[in-house]
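[1] Fold the following.
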Amino acid sequence: MYSNLKELTSHKVFHYFAEISKIPRGSGNEKAISDYLVRFAQERNLEVIQDQVLNVIIKKAATTGYENVPTVIIQGHMDMVCEKNQDTIHDFEKDPLQLRIVGDMLYATDTTLGADNGIAVAYALALLDADDLPHPSLEVVITTEEETTMNGAIAVDAKHFKGRILINIDSEEDGKLLVSSAGGVHVTQVLPIKWDNSTDNEVAYRIRIKGLKGGHSGISINKERGNSNKLLGRVLHDLSSEFHYSIQQINGGVKPNAIPREAEAIVFIQTDDVEPINEKIEKYNDIFKNELQFSDPDVSIFFEKRDISSTNVFSSETMHKAITSLLLIPHGVQGMSMAILGLVESSTNLGVVTTTDSTITFESEIRSSLKSVKSSMVTQVRTIAEMLECEVLIDSDYPEWPFDPNSKAKKLFEETYKEKYSKEMEVIAVHAGIECGVFIEKIPGLDAVSIGPDIFLVHTPDEHISISSTINNWEYFIYTLKKMKDFL
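    Have a look, this model is predicted:
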């Protein structure tokens, strides 16, 4: 077991993971990490391509004896979800991640770790840097903006690739082979704000929900974790049925593909209603703790006085539409697969609510392994928006990755796993967006699988990765590359 970072980074994979952890690489802010990858390749005289959206493709010739083995594409993404606890001081535009070891786990300090998908970058760099690992010709492609739009993968030019076997390293469970994933789409409902003014006898308070676990909106959606935006909608609706109050802003969540952990509303209430509203919110503390005792036992709701000079508040019409949107926009599992036991087929996540000077936006991430169901769910959200006279914006529509029972790559990884560990590898599908679907659409005949080490609580500040699993998964990965000469 590694007891400190100096020991840990003596391993090539963790050396490179620590190196890229020094470079800010949130989605949309990938220039520095992209340039780092280009320099890495140039310093080793490897062929490198950096395209207009900052994707990087690095090619390395086959080692001796592997010249006739089919070329392999190694794929991951360079961007990460940047999330921190609200009270944490960290600038994701410039600050390095602060890595720390707890037992067998590697964490960042009060921020996301970026193992999703920095571990793919670290594996790729360790492989490209090695001169003692046998492998076929390699085409390593590291994409941008996977966590937000998949625009990087969508923009990749297929002419750069000869390989027809793709190994994606964006899975999060060691010993499991991912062979299928859901498609998804980002849908935003835009509600125009009509403004009014609060009355003289009203005071400003913040209603704030905290303490939820959140998580990846695909991987964790079946864990029935609380959605702070939906919980806040319930509270605001209940209060509006008993009290006269106004809303100045509603904000919640950070990313559409992360189950929101925190949400808040700034409200203006009459002085005489402060105490009864406080009592009502205390009751909701008990209600939410009871409802979420197994999934989110630390959920809390706060009612705090605020000193706000602006008296602008939503008109009664806007307030009604905003609360109705929070209640009606769907969230959670919408259907389970009848083909694969335990697999979520379709879901939606109301991930982000944002108030600006002119609009309130409600951002949802919709997923399904069936294109027709995905389309139907978009229609549902569109219908709600039209009913409330809102605009709907649709983007980041990416394809599903269909299961191929005749996949040679699947067979290869199953056979090498059994040979190395003397047991069967578990083959799985996942309810999340994986770039394999985009590449399969682009490259005719492409055969894909996805692997990765054990990563926990991705897209949250508690994200962590198993050190031993990372090393084990790395050794299995390079073992399979070595064995390709025998199996392909």
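[2] Look up phi and psi at the closest residue to Gly211 other than its chain neighbours.
    Leaving out its chain neighbours, the residue that sits closest to Gly211 by C-beta to C-beta, 6 or more residues apart in numbering is Asp298, at 3.9 Å. C-beta here means a position set from N, CA and C on the backbone, and glycine is covered the same way. Per-residue torsions, Asp298: phi -100, psi 10 (degrees, to the nearest 10).
[3] residues near Asp298, how many?
    Burial measure for Asp298: 10 neighbouring residues, criterion other C-beta atoms under 10 Å.
[4] just Pro405 next, same as before
    Neighbourhood size, Pro405 [other C-beta under 10 Å]: 7.
[5] do the same with the one 4 residues further on
    Neighbour count for Ala409, taken as other C-beta under 10 Å: 22.
[6] how close does the residue nearest to Gly211 sit to Asn285?
    Going from Asp298 to Asn285 by C-beta to C-beta, to the nearest Å gives 12 Å.
[7] Next: Asn257.
    Going from Asn257 to Asn285 by C-beta to C-beta gives 28 Å.
[8] For these two, indicate the residue with more neighbours.
    Neighbour count, other C-beta under 10 Å: between Asn257 and Asn285, Asn257 has more, with 25 against 15.
[9] For stretch 386-405, measure first residue to last.
    Using C-alpha to C-alpha, to the nearest Å, one end of stretch 386-405 lies 42 Å from the other.
[10] whoops, I mixed them up, stretch 249-267
    7 Å.
[11] in that stretch, what counts as buried?
    249-267 (16 or more other C-beta atoms under 10 Å).
[12] how about the nearest residue in space to Ile451 that is not next to it in sequence, phi and psi?
    Closest residue to Ile451 apart from its sequence neighbours, by C-beta to C-beta, 6+ apart: Ser171 at 5.4 Å. Torsion angles at Ser171 (phi, psi; degrees, to the nearest 10) stand at phi -100, psi 170.
[13] For burial, what's the neighbour tally of Ser171?
    26.
[14] Could I get the contacting residues of it?
    By C-beta atoms under 8 Å, 6 or more residues apart in numbering, Ser171 lies in contact with Leu178, Val430, Ser450, Ile451, Gly452.
[15] Just the ones of those residues in strands?
    Leu178, Val430, Ser450 (DSSP state E).
[16] Now rank the residues you listed by neighbours and give me the top one.
    Within those, most neighbours by other C-beta under 10 Å means Ser450, with 28 neighbours.
[17] can I assume that one is in contact with Ser180?
    No. In this structure, Ser450 is not within contact of Ser180 by C-beta atoms under 8 Å, at 9.4 Å.
[18] ok, back up a step: now intersect the buried residues of stretch 249-267 with the strands, please.
    Gln249, Ile250, Asn251, Gly252, Ala258, Ile259, Ala263, Glu264, Ala265, Ile266, Val267.
[19] ranges for the helices of the stretch 251-400 of the chain?
    With DSSP state H, counting those that start in this stretch as the criterion, the stretch 251-400 of the chain has helices at 274-291, 316-328, 371-387.
[20] what's the closest of the ones you listed to Ser364?
    Checking those against Ser364 by C-beta to C-beta gives helix 371-387 as the closest, at 6.2 Å.
[21] What helices and strands are in contact with the closest one?
    Under the contact definition 3 or more C-beta pairs under 8 Å, 6 or more residues apart in numbering; DSSP states H and E, helix 371-387 sits against strand 176-192, strand 332-336, strand 344-355, strand 359-368, strand 391-398.
[22] From the rest of the structure, what touches stretch 210-218?
    The contact list for stretch 210-218, computed with C-beta under 8 Å, 6+ apart, reads 86, 116, 182, 184, 220, 223, 225-228, 256-262, 292, 295-296, 298-302, 344, 347, 349, 351, 365, 367, 430-433, 457-460, 462.
[23] Glu463 reaches Tyr107, doesn't it?
    Yes. Under the criterion of C-beta under 8 Å, Glu463 makes contact with Tyr107 at 7.4 Å.
[24] what does the average pLDDT come to for the top helix by length along the chain?
    Of all the segments of type helix in the chain, defined by DSSP state H, the longest one is helix 467-487. For helix 467-487, mean pLDDT is 96.
[25] what's the answer for stretch 430-448, then?
    Stretch 430-448 carries an average pLDDT of 93.
[26] Would you indicate which residues of it are buried?
    430-443, 446-448.
[27] cool, and stretch 356-371?
    Buried residues in stretch 356-371 (16+ other C-beta under 10 Å): Thr359, Ile360, Thr361, Phe362, Glu363, Ser364, Glu365, Ile366, Arg367, Ser368, Ser369.
[28] Alpha carbons only: can I get stretch 50-67 in PDB?
    Provided in PDB are the C-alpha atoms of stretch 50-67 (Å, rounded to 0.1, in the frame of the first residue of the first chain):
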ATOM      1  CA  GLN A  50      -4.600  18.600 -32.500                       C
ATOM      2  CA  ASP A  51      -7.900  19.500 -34.200                       C
ATOM      3  CA  GLN A  52     -10.000  22.700 -34.100                       C
ATOM      4  CA  VAL A  53     -11.900  21.600 -31.000                       C
ATOM      5  CA  LEU A  54      -8.700  20.600 -29.200                       C
ATOM      6  CA  ASN A  55      -9.100  16.800 -29.500                       C
ATOM      7  CA  VAL A  56      -5.600  15.200 -29.500                       C
ATOM      8  CA  ILE A  57      -4.700  12.100 -31.500                       C
ATOM      9  CA  ILE A  58      -1.300  10.500 -30.800                       C
ATOM     10  CA  LYS A  59       0.000   7.500 -32.900                       C
ATOM     11  CA  LYS A  60       2.600   5.000 -32.000                       C
ATOM     12  CA  ALA A  61       4.000   2.300 -34.100                       C
ATOM     13  CA  ALA A  62       3.700  -1.400 -33.200                       C
ATOM     14  CA  THR A  63       6.500  -3.000 -31.200                       C
ATOM     15  CA  THR A  64       8.600  -5.700 -32.800                       C
ATOM     16  CA  GLY A  65       6.500  -8.800 -33.600                       C
ATOM     17  CA  TYR A  66       3.200  -6.900 -33.500                       C
ATOM     18  CA  GLU A  67       3.400  -5.300 -36.900                       C
END
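[29] in it, what's buried?
    Asp51, Val53, Leu54, Asn55, Val56, Ile57, Ile58, Lys59, Lys60, Ala62, Thr63, Tyr66.
[30] what's the burial count for His15?
    Neighbour number of His15 under other C-beta under 10 Å is 15.
[31] so what does the host helix or strand of it touch, helix or strand wise?
    Here His15 is covered by helix 12-20, with elements defined by DSSP states H and E. In terms of contacts (3+ C-beta pairs under 8 Å, 6+ apart), helix 12-20 is packed against helix 5-8, helix 31-43, helix 115-129, helix 467-487.
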